[in-house]
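Peer 1: 3D, please:
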Amino acid sequence: MSSFRLHAWQDHFDSLGKGILLSDTNTRVLQHWTADGEMRIYPTSVPLSDELTRRGYTEVVFKDEAPNWAPTPSMIERDPTLPRYVAPGPDNPLGIRAMHLSWQYYRIHGTNDTRKIGRKSSNGCIGLYNEQIVEVFDRSPVGTQVKLI
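Peer 2: So this is what the prediction gives:
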């Protein structure tokens with residue numbers, strides 16, 4: 001059985017700004033506050049290991065409504081058999097929406113493989129159910145503050 005701890009945004013940020021996404025990689029939950037203070041929570045997938053997990057402050061810098069996918073250089077090094085490109089669609093590991101963070105290669109995105117949610121299953125990104133990433137995507141403008149803990 002899974003459990004999670006809710007955080008107060010004030011413990012991590014000075015203001016709501018354009019909104020806040022706070023991802024707790026230990027409890028595998030994303031808390032989302034809009035600029036007007038409404039908060040919602042979502043279960044997530046998280047990186048497979050601490051070595052793949054980046055923690056700290058970043059922000060949403062680009063929103064992709066139909067993401068394509070290509071493995072990072074370190075992913076190819078770990079698994080040279082990976083495809084070099086996957087177009088948007090049902091085989092795409094990023095699901096139907098992706099929010100690029102200021103950290104290169106890091107995203108908050110959907111997934112077409114719902115078995116990954118609630119598990120350590122990513123190569124560094126935070127994954128949500130496709131239905132939920134659409135909601136977060138629509139409510140998070142570019143410039144939304146992000147913290148991974």
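
Peer 1: And the most centrally placed residue in the chain, how far from P141?
Peer 2: In the chain, the C-alpha nearest the mean C-alpha coordinate belongs to I108, at 2.2 Å (Cα atoms, centre = their mean). The gap separating I108 from P141 is 14 Å, by Cβ to Cβ, to the nearest Å. For glycine as for every other residue, the C-beta is placed from the backbone atoms N, C-alpha and C.

Peer 1: Mutual contacts of the two, please.
Peer 2: V60 (Cβ atoms under 8 Å, 6 or more residues apart in numbering).

Peer 1: Beyond the longest strand seen in the chain, next helix or strand please.
Peer 2: For the chain, the longest strand by residue count, based on DSSP state E, is strand 56-64. Under the assignment DSSP states H and E, the closest C-terminal helix or strand after strand 56-64 is helix 73-78.

Peer 1: Downstream of that following helix, the next helix or strand is which one?
Peer 2: Next element after helix 73-78 (DSSP H and E): strand 98-101.

Peer 1: in its sheet, what does that following strand sit against?
Peer 2: Partners of strand 98-101 in the sheet, by DSSP bridges, are strand 56-64 (antiparallel), strand 107-111 (antiparallel).

Peer 1: Tell me where the model's unsure across this structure.
Peer 2: 1-4 (pLDDT under 70).

Peer 1: still on that earlier bit, give the buried residues for the longest strand of the chain.
Peer 2: T58, E59, V60, K63, D64 (16 or more other Cβ atoms under 10 Å).

Peer 1: Would you mind naming the residues that bridge with the spatially closest residue to the last one that is not a sequence neighbour?
Peer 2: Using Cβ to Cβ, 6 or more residues apart in numbering and skipping the chain neighbours, the partner closest in space to D64 is A98 (4.5 Å). With DSSP bridges as the criterion, A98 is bridged to D64, H109.

Peer 1: Equivalent analysis for W69, please.
Peer 2: V86.
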